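[1] Pasting a predicted model and its sequence here:
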Amino acid sequence: MKFKNYFWILGLAFILLLGWCKKGDKIGDIYQVQEMKYVVKTWIMISENSFVWTVEPQSQTMLWSPVGGKIVSIKVDEGDYVKWWWLLAEVDPSPIMTNLKSANDILATLEAMYKNTEAMFDAQIAAMKQKVQQAKAAMEMAQKALEWVNKWLKDTHKITKEQLETAKKQVEQAKVWVETAKTNLEHTKKVLKQREKDIYSNSKNALAQARIVATNFLNFVDELVWISDKNKHKNDMFEAYLGAKNTALKENIKSERRKVYSDYKNWKKDVDQLIEDIKNSPDVTADEKLKQRIYNALKQTEGLFVKLRKLADDTYHLIDASVAAPTFPASMINQYKQQATNFQTMIEKTLLTAEWNYLLGIKWSIQAIENFKKQSKMKLDLLQKQYKMAQKQYETAKQTYQQYLAMSQWKIDEVTTKKQVTEKQYEIAKKQYEEAVAGLKALQKQKATQLSQIKSKIAQVKWNRSQAAIQLGYTKIVAPYDGIILKKMADIGQVVGPGMPVFALADDKKLKIKVYLPSSLANKIKVGDKVRIYITDLWEFFTGFVHKIYPNVDFMSKRVPIEVYLENIEWKLKIGMYWKVYFSFAQLTGYKIPKSFIEYKWGEYFVKLSDWKKVKVNVKQCDENRCLVESEELKEWIVILK
């Protein structure tokens with residue numbers, strides 16, 4: 001029987017060994033595959049292909065209160081930089097305070113009960129025991145008083161020295177705060193001054209662009225329908241066919257053009273003089289009258305271009321209502337329609353454009369001036385208050401230091417006299433205690449037994465009160481890390497539920513940029529590609545990798561949006577900044593290997609080809625599932641890695 005069992009065991013081992021050998025024979029044959037390589041190409045975009053991008057956060061965090069309630073204070077606003085654990089907002093703690101007050105009331109009742117029980121117990125003590133208790137209490141009090149006085153004298157020397165050192169440091173710190181507040185105020189004034197110059201410079205450019213667009217468009221309409229003597233007879237060969245399907249519209253356009261042209265002449269005269277005055281002004285921001293003239297001119301330009309928008313629309317419909325003829329062929333009609341469409345686009349851009357690579361629009365310039373007047377005053381007032389507050393703290397710190405200096409010696413003399421008196425009191429109390437110590441111990445034991453139950457109840461109520469205090473802490477919303485407040489979604493007085501977002505916070509050290517590339521260039525890159533970005537204004541390179549390629553072409557720019565995560569973040573890059581940059585990238589080559597088959601050991605990477613063979617590789621790039629690697633040795637051992 002044992003022989004048969006051995007036979008079956010040996011047979012099974014032989015079959016398994018045979019299967020393993022056959023599997024090993026297939027390593028070089030069945031699993032042999034074609035190697036995958038790509039031609040290395042590098043594209044560098046020169047000045048004609050430069051782009052404008054804005055720094056954005058990679059992600060944002062929503063902050064809320066776990067308990068919910070009415071918001072009673074908000075400490076920050078959108079755009080503020082906050083540090084870890086800063087207080088951002090507070091929710092009304094009244095409901096929790098009610099529970100806390102209830103616990104305090106119960107605790108006060110129990111404590112009163114404890115005192116009453118103790119007093120009742122003491123009243124039952126015999127006169128002799130009462131005398132013993134008083135003797136012990138007097139002795140202990142005298143002993144504690146003596147210990148306390150000794151410690152007090154020692155601590156007084158130490159504390160007076162520490163107080164003087166602390167007060168001196170506070171004076172030095174307050175002085176630093178004054179200098180810092182003053183520096184911030186002066187720096188902000190310079191920044192606001194430059195920003196105001198940029199706003200009025202852009203406004204001048206917007207007016208200059210508006211003057212060109214308005215002049216060219218009104219000349220186009222005059223040549224088309226012939227109103228002025230300058231363009232007389234220019235449309236004789238097609239006037240009869242122009243707007244033949246809607247002849248009333250032609251007369252309306254003539255009338256409308258005369259009215260608009262009358263407004264245009266006065267407007268252009270004012271704008272010409274205004275632009276000349278701006279050129280001759282050494283500092284536009286220092287001339288309040290000139291700034292008001294620019295603002296008024298922008299508002300007049302806005303009104304004029306609203307009329308031009310209507311006139312451009314009517315002109316397009318007039319051309320569209322024309323009838324083709326030998327002297328006015330369909331191609332000529334289409335050409336005029338295209339010109340009218342172009343003028344409509346230019347009028348809209350002049351009104352609304354807000355791109356940094358184009359002249360800013362009229363409405364944006366108006367809004368920029370209005371916003372600057374409000375925000376600049378608010379910032380300067382805040383910094384001025386901080387500066388005055390720092391000065392006040394500095395004066396207070398100096399006064400405190402002088403007070404501590406005067407009080408230090410007086411305290412030491414007072415405590416020394418107190419020590420001498422306390423030593424005499426302790427000797428008297430000690431003699432009284434030694435006469436009745438035995439009876440006193442028995443009395444203390446009985447007293448402790450009856451009061452222990454009340455103490456346990458007090459401990460339970462204190463625990464309940466601590467839970468209410470913990471919930472009270474949840475009414476404060478704090479910053480979980482350093483970052484920028486991107487959005488404030490609630491105001492003071494608003495009621496929010498538990499978990500309802502109040503702020504959106506982003507880490508300003510984890511940034512990305514969004515670039516709009518022509519489709520011809522976007523097709524040459526892929527997610528994970530490493531890029532180098534050269535900022536012309538900073539004269540510096542930054543590196544990153546392509547994180548996302550949007551599938552659709554942007555409707556307005558006719559380009560493909562690309563998101564790039566930045567790797568070498570520096571303080572010079574902040575959320576919301578925009579720069580003109582040159583964008584370069586390269587496509588990598590190598591073998592595509594499943595990520596699960598790559599091992600990292602002793603500072604190097606290996607590809608596992610079989611149970612007995614590993615090949616060292618250089619990992620160039622990885623995504624979620626695969627990696628791109630290179631290795632001369634790998635060429636001889638390419639296998640399918642499942």
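    Nice, thanks for sending it over. Numbers count the residues shown, from 1 in each chain.
[2] name the helices or strands packed onto whichever helix or strand residue 139 is part of?
    Take DSSP states H and E as the rule and residue 139 turns out to sit in helix 127-225. On a contact count with 3 or more C-beta pairs under 8 Å, 6 or more residues apart in numbering; DSSP states H and E, helix 127-225 meets helix 247-280, helix 288-320, helix 330-352, helix 362-435, helix 437-473. Yep, even glycine has a C-beta here, placed from its N, CA and C like the rest.
[3] what's the spacing between residue 590 and residue 628?
    Residue 590 sits 5 Å away from residue 628, going by C-beta to C-beta, to the nearest Å.
[4] before we move on, the earlier item: how far off helix 437-473 does the helix holding residue 139 point, in degrees?
    In terms of direction (axes from the mean of the first three to the mean of the last three C-alpha atoms, to 10 degrees), helix 127-225 departs from helix 437-473 by 10 degrees.
[5] Could you check the angle helix 127-225 makes with helix 330-352?
    The directions of helix 127-225 and helix 330-352 differ by 150 degrees, with the same axes, to 10 degrees as the criterion.
[6] Contacts only, for the residue nearest to the spatial centre of the chain.
    Computing the C-alpha centroid of the chain and ranking residues by C-alpha atoms, centre = their mean puts residue 484 first, at 2.8 Å. Shown here is residue 484, whose contacts under the criterion C-beta atoms under 8 Å, 6 or more residues apart in numbering are 57, 79, 80, 81, 82, 505, 506, 508, 575.
[7] Name only those of those residues that count as buried.
    With neighbours counted using 16 or more other C-beta atoms under 10 Å, the contacts of residue 484 contain these buried positions: 57, 82, 505, 506, 508, 575.
[8] To what extent is the nearest residue to the second one once chain neighbours are set aside buried, counted in neighbours?
    What it means is residue 82. Across the structure, with C-beta to C-beta, 6 or more residues apart in numbering as the measure, the residue nearest residue 82 apart from its sequence neighbours is residue 479 (4.4 Å). When neighbours are defined as other C-beta atoms under 10 Å, residue 479 has 20 of them.
[9] that older thread, among the contacts of residue 484, which one lies nearest to residue 413?
    residue 82 (49.3 Å; C-beta to C-beta).
[10] Pretty sure the closest one sits against residue 478.
    No - using C-beta atoms under 8 Å, residue 82 makes no contact with residue 478, being 9.0 Å away.
[11] that older thread, can you classify the residue nearest to the centre of the chain as helix, strand or coil?
    Of the three states, residue 484 takes strand under DSSP: H, G, I helix; E, B strand; the rest coil.
[12] now it: how far from residue 73?
    Applying C-beta to C-beta, one obtains 20 Å for the distance of residue 484 from residue 73.
[13] Residue 326 now?
    Applying C-beta to C-beta to residue 326 and residue 73 gives a distance of 79 Å.
[14] In terms of neighbours, single out the busier of those two.
    Higher neighbour count among residue 326 and residue 73: residue 73, with 12 against 8, using other C-beta under 10 Å.
[15] which residue sits closest to the more buried one, ignoring its sequence neighbours?
    Across the structure, with C-beta to C-beta, 6+ apart as the measure, the residue nearest residue 73 apart from its sequence neighbours is residue 90 (4.6 Å).
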